[in-house]
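Enquirer: my questions are about this predicted structure, shown below with the sequence.
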Amino acid sequence: MTAAITELTPAARAYLRRATWGLPREKQREVWDELEEHLLTRAAQLQACGAAPPEALARALAELGSPARVSAGMTGVYLMPKLILMAGAGALALSAALYALAGGRETAQLPMVTNLPMPVCERTEPKNVTGTMISNWKNTVCYFPTSSPKPLLVPGLSGPEPLVSLDTVERMIHLLDGKTRLQPNGVLEISFPLSEDIVRASFRVTTRFEGQSYFPAQSLIWPSSSKRQILSGYQQPTLRIEQQVFAMSGTHSPQAGADFYNRLSPRLVSNLEPGAYTTDGMTGARSHPIQTALKADDVVLTVIHSHDNFYLTHYAPVSSTGSVNIKVNSARLQFISSFRQLQQKRADGRTPALLIRVTNVPLNKLKSGIFVPARTTSDAN
């Protein structure tokens, strides 16, 4: 006797995402559970009548009808008629796009913005600040001072920090079957209760602008997760998590892609070598062209030891000819094959440098991206 169906297929989960999109957050899980129970019960009935498990579930989905119709019906139950009249058409169009994305046929846009007003962040107690508090996490309070209603723009070491809005984060996590919860202290919690890999992430609101909360774009990268995450592209980075594809698009800066990668250094390096510290990616004074077998628009991370357990990093895209122009301050480089070799001093004065391909490789297996180039300039071996 064939075992009864107890788990949904990717197509069924995509259907439920589509059917529950647009519902109030507190109702999404309730409706999802009701629809899932109905699908599994009906599939079991069809299976008892002789249908194979995949066919039974597919027929049960077909009987429910278009997920757009289900979504509209559920929205009509839980939302006010006036809201439906105002947003119904737009919600259905967005829902259809997300359903197509869930099947892997489209790419979701995750717009990044830069040059937003940045708050002051201090290690103090909330009672000691005067102004509008943005977040309070790990003994650090971020706030807009009352005396400075228009804070200066604060670019990072490698350019303005790319940010994503709370709406963008919630849309992304929803497509991954996850949940978000913005705490009163300005900390966003993310979890994936339906996943075998229970990922929990927390990060604070970076700034607020026109009533919307914003977070660092690199916070959406989890190198330590066993979820399959792969980056690709330089000018417009694309992030694939499992079967979902997200394009990190810069809406206000043509350099948003470069700024996005530069901010990844602390996250990537600490996962590659626990306990290692680094600043954002930086550009040095000397150029070191190298030749690789990588594809155009791949991204190469260069890591050089600075002092103690601190490292400097640089990101560069691969050209159409496979060349990469590394820019660091060291005059002569010696490319190595392991992180532990970075602190080894060389008698010939060359600086050990580690090259890592950070695109088109799983981020939780970043060591597989380490390579030594076949050809270099006279100043690098």
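Expert: It's in.

Enquirer: going forward, measure contacts and count neighbours with C-alpha atoms only.
Expert: Noted.

Enquirer: any weak-confidence spans in the protein?
Expert: 1-6, 22, 25-26, 65-106, 148-159, 194-199, 251-254, 375-381 (pLDDT under 70).

Enquirer: okay, now the domains of it?
Expert: What automatic domain parsing lists as the domains of the chain is 10-106, 120-231, 264-376.

Enquirer: how about those in JSON lines, adding mean neighbour count and distance to Q243?
Expert: As requested, the domains of the chain are exported to JSON lines (neighbours: other CA atoms under 10 Å; distance: least, CA to CA, whole Å):
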{"stretch": "domain 10-106", "mean neighbour count": "17", "distance to Q243": "6"}
{"stretch": "domain 120-231", "mean neighbour count": "17", "distance to Q243": "9"}
{"stretch": "domain 264-376", "mean neighbour count": "18", "distance to Q243": "13"}
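
Enquirer: after the longest helix along the chain, which helix or strand is next?
Expert: In the chain, taking DSSP state H as the definition, the longest helix is helix 25-48. The helix or strand immediately downstream of helix 25-48 is helix 53-64, counting by DSSP states H and E.

Enquirer: could you say what helices and strands the host helix or strand of T302 packs with?
Expert: Assigned by DSSP H and E, T302 belongs to strand 299-307. Applying 3 or more CA pairs under 8 Å, 6 or more residues apart in numbering; DSSP states H and E, one finds that strand 299-307 contacts strand 310-317, strand 351-357.

Enquirer: ok, which of those comes nearest T238?
Expert: Shortest distance between T238 and these, using CA to CA, is found for strand 310-317: 14.0 Å.

Enquirer: for that closest one, which outside residues touch it?
Expert: 234, 258, 261-262, 265, 276-283, 296-306, 324-328 (CA atoms under 8 Å, 6 or more residues apart in numbering).

Enquirer: gap between that strand and the chain center?
Expert: Centroid displacement of strand 310-317 relative to its chain, using CA atoms, centre = their mean, to the nearest Å, is 20 Å.

Enquirer: and that strand, which strands flank it?
Expert: According to DSSP bridges, strand 310-317 forms sheet pairs with strand 277-278 (parallel), strand 299-307 (antiparallel).

Enquirer: got CSV for the ones you listed, with distance to V169 too?
Expert: Shown next, in CSV, are the strands paired with strand 310-317 (distance: least, CA to CA, whole Å):
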stretch, distance to V169
strand 277-278, 26
strand 299-307, 24
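
Enquirer: buried ones in the host helix or strand of L110, by neighbour count?
Expert: Assessed by DSSP H and E, L110 sits inside strand 108-112. Across strand 108-112, burial judged by 16 or more other CA atoms under 10 Å covers A108, Q109, L110, P111, M112.

Enquirer: just the helices in the stretch 151-300 of the chain please.
Expert: Ranges of helices within the stretch 151-300 of the chain are 166-175, 256-262, 265-272, based on DSSP state H, counting those that start in this stretch.

Enquirer: quick one: which of the buried residues of strand 108-112 is nearest V269?
Expert: For the buried residues of strand 108-112, the nearest to V269 is M112 (22.8 Å; CA to CA).

Enquirer: what sits against the residue most central in space within the chain?
Expert: Nearest residue to the geometric centre of the chain (CA atoms, centre = their mean): L220, 2.8 Å. Applying CA under 8 Å, 6+ apart, we find L220 in contact with V169.

Enquirer: what's the separation between A14 and L239?
Expert: Shown here: A14 relative to L239, a distance of 19 Å by CA to CA, to the nearest Å.

Enquirer: oh, I was asking about N364
Expert: Going from N364 to L239 by CA to CA gives 14 Å.

Enquirer: shared neighbours of those two, anything?
Expert: With CA under 8 Å, 6+ apart, N364 and L239 have common neighbours Q229.

Enquirer: and the domains of the chain as JSON lines, adding distance to F246?
Expert: Output for the domains of the chain, formatted as JSON lines (distance: least, CA to CA, whole Å):
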{"stretch": "domain 10-106", "distance to F246": "9"}
{"stretch": "domain 120-231", "distance to F246": "8"}
{"stretch": "domain 264-376", "distance to F246": "14"}
